[in-house]
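Asker: Below are the sequence and a predicted model for it; my questions follow.
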Amino acid sequence: TGLYSAVAILMALAEREKSQQGQYLDMTLYDCAVSLMHPHIPNYMYSGKVPEATGNAHPNISPYDTFRTKTVDIFIGAGNDRAYAKMCVELGREELITDSRFLKNIDRVTNRDDLKAEIESSLMKIDGNEIADRLATAGLAAGAIYNTAQVVDNAHTKHREMVIEDDWYKMAGTPIKFSRTPGSVRHKPPKFGQHTREILHEFDFSDQEVQELLAADTALEKRQS
């Protein structure tokens, strides 16, 4: 909702330059959630069939899924026949290119379970990081699946400055990279309860009353476990 709102505000500002008129922006969580149901909504509206859950697999493209390997799970996305053929070559499974079950994307979607079994039978003999790098070098969307710690510690994450550590403040960085006005943390948010006493004093609570509220855990300065 926040991202859609930001884009909508920019659109409204651009339109205002032409019309010299402002307008009200109506943005709801529900509408944004519905918009994210692609391609499931058009699939249903064109076919009349209610889509079924397919896990990580793309409903309209195959292979476009997570796969097990000898070491780590990886993601592979082969969005067209050319990419599929490249994948087969890298796996040493050229015979799958001409397999009648997998000739075109519609065939691969129809027989996605068979195709996944064939792919994993080869991947289970290969190091996941190594084959993911090879597939990516060949032009496919591919990569090892990392947990949160691996993402944070990844060299590329650090190179892109996507992790911020400023004293006690630790957070993901901004993906918006400007050449002239790069984003940065200018002000850290207050710590939990940092201003509790100050705010209570603003409402004319005495020092003794503030202390009593804190002692009774009615007001807090630290998180409770």
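Answerer: Received, thanks.
Asker: Next, the closest residue to residue 112 other than its chain neighbours: phi, psi?
Answerer: Among residues not flanking residue 112 along the chain, residue 62 sits closest, at 4.5 Å (C-beta to C-beta, 6 or more residues apart in numbering). The C-beta positions use only the backbone N, C-alpha and C, and glycine is treated the same way. Dihedral pair for residue 62: phi -150, psi 130, per degrees, to the nearest 10.
Asker: One more: residue 141?
Answerer: Backbone torsions for residue 141, taken as degrees, to the nearest 10, come to phi -80, psi 110.
Asker: hang on, isn't it packed against residue 77?
Answerer: Yes. When contacts are counted by C-beta atoms under 8 Å, residue 141 is listed as touching residue 77 (3.6 Å).
Asker: Settle it for me: which of these two has more neighbours?
Answerer: The neighbour comparison of residue 141 against residue 77 (other C-beta atoms under 10 Å) goes to residue 77, with 17 against 13.
Asker: ok, that one - contacts?
Answerer: 58, 61, 63-64, 83, 140-142 (C-beta atoms under 8 Å, 6 or more residues apart in numbering).
Asker: pLDDT value on it, please?
Answerer: Note for residue 77: predicted pLDDT of 98.
Asker: Bridged to it, which residues?
Answerer: For residue 77, the beta-bridge partners are residue 64, residue 141 (DSSP bridges).
Asker: Please determine how far it is located from residue 67.
Answerer: From residue 77 across to residue 67, the span is 11 Å (C-beta to C-beta, to the nearest Å).
Asker: which residue ranges form the helices in this protein?
Answerer: In the chain, the helices defined using DSSP state H lie at 2-19, 29-35, 40-47, 81-90, 105-110, 112-123, 128-137, 148-153, 155-159, 196-202, 207-215.
Asker: I'd like the mean pLDDT over the second one, please.
Answerer: Right, the one you point to is helix 29-35. 96.
Asker: same check, this time on the first one
Answerer: Helix 2-19 carries an average pLDDT of 97.
Asker: got a list of contacts for it?
Answerer: Under C-beta under 8 Å, 6+ apart, the answer for helix 2-19 is 22-23, 25, 27, 32, 35.
Asker: From residue 38, how far off is residue 51?
Answerer: From residue 51 over to residue 38 the distance is 11 Å, taken as C-beta to C-beta.
Asker: neighbour count winner among those two?
Answerer: Set residue 51 next to residue 38 and count neighbours by other C-beta under 10 Å: residue 51 wins out with 13 against 10.
Asker: Next one: that one relative to residue 45, how far apart?
Answerer: Counting by C-beta to C-beta - residue 51 and residue 45 are separated by 11 Å.
Asker: What of residue 108?
Answerer: Taken as C-beta to C-beta, the span from residue 108 to residue 45 is 23 Å.
Asker: So for those two, which residue has more residues nearby?
Answerer: Using other C-beta under 10 Å, the more surrounded residue of residue 108 and residue 45 is residue 108, with 23 against 8.
Asker: In space, what's closest to that one - neighbours in sequence excluded?
Answerer: Once flanking residues are discounted, residue 108 sits nearest to residue 62: 4.0 Å by C-beta to C-beta, 6+ apart.
Asker: What is the neighbour count of the one you found?
Answerer: When neighbours are counted by other C-beta under 10 Å, residue 62 registers 25.
Asker: Perfect, I'm done here.
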